Structures are given as structure tokens and as C-alpha cells.
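Colleague: Can you look at this prediction? I've put the sequence above it.
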Amino acid sequence: MDVCVKLTVKGRVQGVGFRWFVQKTANKVNVNGYVKNLFNGDVEIEAEGARGRVEELIKEVKAGPRFAHVTDVFVEWKEYEGKYDSFDVKF
């Protein structure tokens, strides 16, 4: 079953390669969507794909890359729309 999720990631997640890490992980687990920095220092992620693959992405995001420090991840499940054909870093 395909799902969509919107994540808001808090902590030291900008300037530490976090978006690159998320894009690489999303491609590895085969989900589509985007990742972008927010002006308040958080990172926003929207991802679509098979539920198990999306859950794997969430697990990896909660751990983060080496120099990041994730303090919280807000998860909002949404209706799957199939609107992405790749996983991109938005600016």
C-alpha cells in the first residue's frame, strides 16, 4: 500500500549535510518526494511510496547523519497522490 508522509525535523539539521543525507537515503529505499530547509532552522520532508519503505526513511531521518542532532520529528500521514517521480532537494 502506497502512502504519503510530511515530516518536520527539528534540531541541528541545517549546515550538516542533512538534505543530502535524506536524498541519498530516500533513493536507497526507493521513495519519491522532496526535502527542504525551512527559515526557522527546521527541515521539511514529503515522501511517497510503499509504507514499509517510507517507514524506513522515517527511521533513518530520526537517526540523521553523523554531524546532525535530531531532537524531534513531527509525522503527518497524508493521502497518497503519486505526484513525485524522484526525490529532490528543494531550495
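Modeller: Perfect, thanks for sending it.
Colleague: Show me what the closest residue to residue 45 other than its chain neighbours bridges to in the sheet.
Modeller: Nearest non-adjacent residue to residue 45, counting by Cβ to Cβ, 6 or more residues apart in numbering: residue 7, 4.2 Å away. All C-beta spots, glycine's among them, are computed from the backbone N, C-alpha and C. Judged by DSSP bridges, the bridge partners of residue 7 are residue 45, residue 75.
Colleague: Per-residue pLDDT of residue 7, please?
Modeller: You'll see residue 7 listed with a pLDDT of 98.
Colleague: Also residue 19?
Modeller: Looking at residue 19, its pLDDT reads 98.
Colleague: Ok, the one 3 residues further on next?
Modeller: On the pLDDT scale, residue 22 is placed at 98.
Colleague: mind checking the SS state of it?
Modeller: Under DSSP: H, G, I helix; E, B strand; the rest coil, the three-state class of residue 22 is helix.
Colleague: before we move on, what about residue 82?
Modeller: Put simply, residue 82 is coil when judged by three-state DSSP.
Colleague: correct me, but it touches residue 33?
Modeller: No - with contact defined as Cβ atoms under 8 Å, residue 82 does not reach residue 33; the gap is 11.0 Å.
Colleague: Of these two, give the one with the bigger neighbour count.
Modeller: For residue 82 versus residue 33, neighbours defined as other Cβ atoms under 10 Å are more numerous around residue 33 (24 against 10).
Colleague: ok, for the more buried one, nearest residue in space, not its chain neighbours?
Modeller: Nearest to residue 33 is residue 47, by Cβ to Cβ, 6+ apart, at 3.9 Å.
Colleague: Can you name the helix or strand that the one you found falls in?
Modeller: Assigned by DSSP states H and E, residue 47 belongs to strand 43-50.
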